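*Asks:* Please find the sequence and the predicted model below.
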Amino acid sequence: MDQRLYQQQSQKLVLSPQIRQYLKLLQLPLTELSQAIETELVENPLLEEKSTDESDITDSMRSQEPSEQDTPKPATEELRPGESFEDLPQWLADSEGYSHYSEGRHEDIDELQKNKDYSEGLLTKPEALSDYLLWQIRFLDLSEAQRTAAEEIIGNIDENGFLQANLDEIASAVHAEPGEVLAVLHKIQGLEPPGIGARTLQEALLLQIERKKSPEAPVAREIVEKHLPLLEKRDWPQLARLIGCDLEKIRKSADLIARLELRPGRSFYAEETIAVTPDAIVTLQEDETPRLKVEIVNEKIPELRINAYYRSMLRKKDLDEKTKVFLKEKLQAAIDFMKALQQRKSTLHGITDELVKEQGEFFEKGFSHLRPLRLKDIAGNLGIHESTVSRAISGKHMQTPQGTIPYRSFFSTKLETTTGEEESQKSIMMKLKSLIEAESPEKPLSDQELVVKLKAEGIVIARRTVAKYRDLLKILPSHLRRKR
């Protein structure tokens, strides 16, 4: 092997910085876009948010007063501390006359601060399951060794309330005998919430049944201990024969079991609520043409502009070359950023308009009328690349008359019916769901029977496809849906 130099021609896609920035902003949802704008405002001094504030009013008032100097002064709102150290003394001088705007507002500011402190005082950290259990064991009569074992057991209880470590491991960790650890576990299992510290689902159900005082509790306990598979199948006659009681008592016992908590620690879940901000809103207008109105949400996107002070600096002939190069780079970056924002809005609006045209029936009638649609179809109508459409809808949601849903939900593969029409995968799933909801509880439809019923409507799919769609809809098989 030896080293040598050679030339080679090749074609490859090279994206300009402007296109890269546009594609980056395009795929950001509204909340992340707002953060990106804030970051750009901090990093680029030539970019500022256009707003009407007190300084605007002050400027208009001062502009009517005679100037002490012939040299015009830049607007105060366009000067910021730290932007130009040369003009900082002048900025401070200009600001002296504006103090009367803030003097009368000290009380309001103090009141706002009091309200803020009060609101923050109301915020409390939700109590964790482990903290609640540790608080309860303080009231148990435990020795020091038992308390150590109890803390080790609680530390191995997951958020669902189940013990995730075996007794031998815990005994080894606290240098105790497994029997001693088991005795402590039984005490913990007597704490709240019922079923806590169970090692299996069956044990969790039995712990809860032990606290029930109803007449059905003994039968329910026997069902859980010995006949869980028959309970899953709802085979009441077989359960009645095995246990030796009437059907009515079996049903009441099954109802008692159904009201038990499958995850004893569920009430201590600390899941945060995720608020989805729609990037577009489609509303249905009655007695108007067109009936569907599209609006791109811009409430979190501030209106940007180039700072006039720095633009005036660029016009100065005595400006040193290093500063001029810096300002030109920042000016170009600010212009590119604003153009990318505008292109993002235009692209998202175009995609939303096309979705409204293609899926008009969905907005009025629901998911069962969702037509088959591909990214390629929207890209072809807009004259853009398919990957651009994919970036534009990534992580974004649309508020519709049918609820707030992801943009991805509008796209679905197509299946051709026997009549030559096209059905989307989602609309077929909705029809499948409707057939199952209308079935007889005593004789639910099997997957093969569902295939036959769909075929009668012109939809030909395999039994395994029906099973797949049923799993996606989280619907049980027919033998588990049957109510005997």
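*Replies:* Yep, that arrived.
*Asks:* Show me the domain layout of this protein.
*Replies:* 129-268, 280-410, 414-481 (automatic domain parsing).
*Asks:* got TSV for those domains, with mean neighbour count, mean pLDDT and distance to Leu30 too?
*Replies:* Just so you know, the C-beta spots here come from the backbone N, C-alpha and C atoms, and that holds for glycine as well. Converted to TSV, these look like this (neighbours: other CB atoms under 10 Å; pLDDT from 0 to 100; distance: least, CB to CB, whole Å):
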stretch	mean neighbour count	mean pLDDT	distance to Leu30
domain 129-268	17	88	31
domain 280-410	16	86	6
domain 414-481	15	77	25
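*Asks:* how far out from the middle of the chain is the helix or strand hosting Glu222?
*Replies:* If you go by DSSP states H and E, Glu222 is part of helix 217-226. Here helix 217-226 is found 41 Å from its chain centre; the criterion is CA atoms, centre = their mean, to the nearest Å.
*Asks:* After that helix, which helix or strand is next?
*Replies:* Downstream of helix 217-226, the next assigned helix or strand under DSSP H and E is helix 228-233.
*Asks:* Per-residue pLDDT of Leu13, please?
*Replies:* Note for Leu13: predicted pLDDT of 63.
*Asks:* mind starting the numbering at 65 from now?
*Replies:* Renumbered: residue one is now 65, and that last one reads Leu77.
*Asks:* returning to what we had before: same list, the domains of the chain, but as TSV with distance to Leu97 please.
*Replies:* Converted to TSV, those look like this (distance: least, CB to CB, whole Å):
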stretch	distance to Leu97
domain 193-332	33
domain 344-474	7
domain 478-545	28
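*Asks:* Nearest to Ser80, out of those domains?
*Replies:* Comparing the domains of the chain by their distance to Ser80 (CB to CB), the top pick is domain 344-474, with 9.5 Å.
*Asks:* Tell me which of the domains of the chain lies nearest to Leu87.
*Replies:* Across these, closest to Leu87 is domain 344-474 (CB to CB), at 6.0 Å.
*Asks:* Report the distance from that closest one to the chain centre.
*Replies:* 20 Å.
*Asks:* Can you check the distance spanned by that domain, start to finish?
*Replies:* End-to-end distance of domain 344-474 (CA to CA, to the nearest Å): 14 Å.
*Asks:* ranges for the helices of the stretch 165-314 of the chain?
*Replies:* Using DSSP state H, counting those that start in this stretch, the helices of the stretch 165-314 of the chain run over 170-186, 193-200, 208-219, 231-238, 242-252, 265-274, 281-290, 292-297, 300-307, 311-322.
*Asks:* Just put the ones you listed in a markdown table and tack on distance to Ile399.
*Replies:* As requested, the helices of the stretch 165-314 of the chain are exported to a markdown table (distance: least, CB to CB, whole Å):
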| stretch | distance to Ile399 |
| --- | --- |
| helix 170-186 | 37 |
| helix 193-200 | 54 |
| helix 208-219 | 57 |
| helix 231-238 | 63 |
| helix 242-252 | 65 |
| helix 265-274 | 62 |
| helix 281-290 | 70 |
| helix 292-297 | 66 |
| helix 300-307 | 74 |
| helix 311-322 | 64 |
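*Asks:* Can you name the element that comes right after the lengthiest helix in the chain?
*Replies:* What stands out as the longest helix in the chain, according to DSSP state H, is helix 385-422. Following helix 385-422 in sequence order, the next helix or strand is helix 424-429 (DSSP H and E).
*Asks:* Would you list the phi and psi of the nearest residue to Phe426 once chain neighbours are set aside?
*Replies:* Of all residues not flanking Phe426 in the chain, Leu434 sits nearest, at 4.9 Å (CB to CB, 6 or more residues apart in numbering). When read as degrees, to the nearest 10, the backbone of Leu434 gives phi -80, psi 120.
*Asks:* wait, doesn't Leu434 sit right on Gly424?
*Replies:* No. At 10.9 Å, Leu434 does not count as touching Gly424 under the criterion of CB atoms under 8 Å.
*Asks:* Tell me, what's the model's pLDDT at Glu102?
*Replies:* The model reports Glu102 with a pLDDT of 90.
*Asks:* what helix or strand is it on?
*Replies:* With DSSP H and E as the test, Glu102 turns up in helix 94-107.
*Asks:* what comes up buried for that helix?
*Replies:* For helix 94-107, burial by neighbour count (16 or more other CB atoms under 10 Å) applies to 94, 97-98, 100-101, 104-105.
*Asks:* Just give me the closest of these to Gln407.
*Replies:* Leu97 (12.8 Å).
*Asks:* how much space is there between the closest one and Ala398?
*Replies:* 17 Å (CB to CB, to the nearest Å).
*Asks:* again, but for Asp351
*Replies:* For Asp351, the distance to Ala398 - CB to CB - is 45 Å.
*Asks:* which residues does the residue nearest to Lys409 when sequence neighbours are not counted bridge with?
*Replies:* Distances taken as CB to CB, 6+ apart put Ile360 closest to Lys409, at 5.9 Å, once the chain neighbours are dropped. Following DSSP bridges, Ile360 is listed with bridge partners Ala344.
*Asks:* what sits against Ile360?
*Replies:* 343-344, 409, 412-413, 416 (CB atoms under 8 Å, 6 or more residues apart in numbering).
*Asks:* now Ala237
*Replies:* Contact analysis of Ala237 by CB under 8 Å, 6+ apart lists Glu216.
*Asks:* cool, and Gly459?
*Replies:* Taking CB under 8 Å, 6+ apart, we find Gly459 in contact with 91-93, 96, 470.
*Asks:* Leu391 too?
*Replies:* 110, 374, 377-378.
*Asks:* which of those lies closest to Pro279?
*Replies:* Leu110 (79.6 Å).
*Asks:* Hmm, that closest one is touching Ala398, no?
*Replies:* Yes. Using CB under 8 Å, Leu110 is in contact with Ala398, at 4.8 Å.
*Asks:* For Lys357, grab phi and psi.
*Replies:* phi -110, psi 130.
*Asks:* Distance of it relative to Gln349?
*Replies:* Distance from Lys357 to Gln349, by CB to CB: 6 Å.
*Asks:* Just give the nearest non-adjacent residue to Met402, would you?
*Replies:* Distance criterion CB to CB, 6+ apart; nearest residue to Met402, sequence neighbours excluded, is Leu368 at 5.4 Å.
*Asks:* For that neighbour, give its distance to Leu326.
*Replies:* From Leu368 across to Leu326, the span is 52 Å (CB to CB).
*Asks:* same check, this time on Leu540
*Replies:* To Leu326, Leu540 is 15 Å away according to CB to CB.
*Asks:* Export the contacts of Ile360 as JSON lines, with columns for distance to Glu289.
*Replies:* Below are those laid out as JSON lines (distance: CB to CB, whole Å):
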{"residue": "Asp343", "distance to Glu289": "54"}
{"residue": "Ala344", "distance to Glu289": "55"}
{"residue": "Lys409", "distance to Glu289": "63"}
{"residue": "Leu412", "distance to Glu289": "59"}
{"residue": "His413", "distance to Glu289": "62"}
{"residue": "Thr416", "distance to Glu289": "58"}
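*Asks:* can you tell me which of the residues you listed lies nearest to Glu244?
*Replies:* Ranked by distance to Glu244 (CB to CB), the contacts of Ile360 are led by Asp343 at 59.3 Å.
*Asks:* Might one say that Thr411 is in contact with Ala456?
*Replies:* Yes. Using CB under 8 Å, Thr411 is in contact with Ala456, at 5.4 Å.
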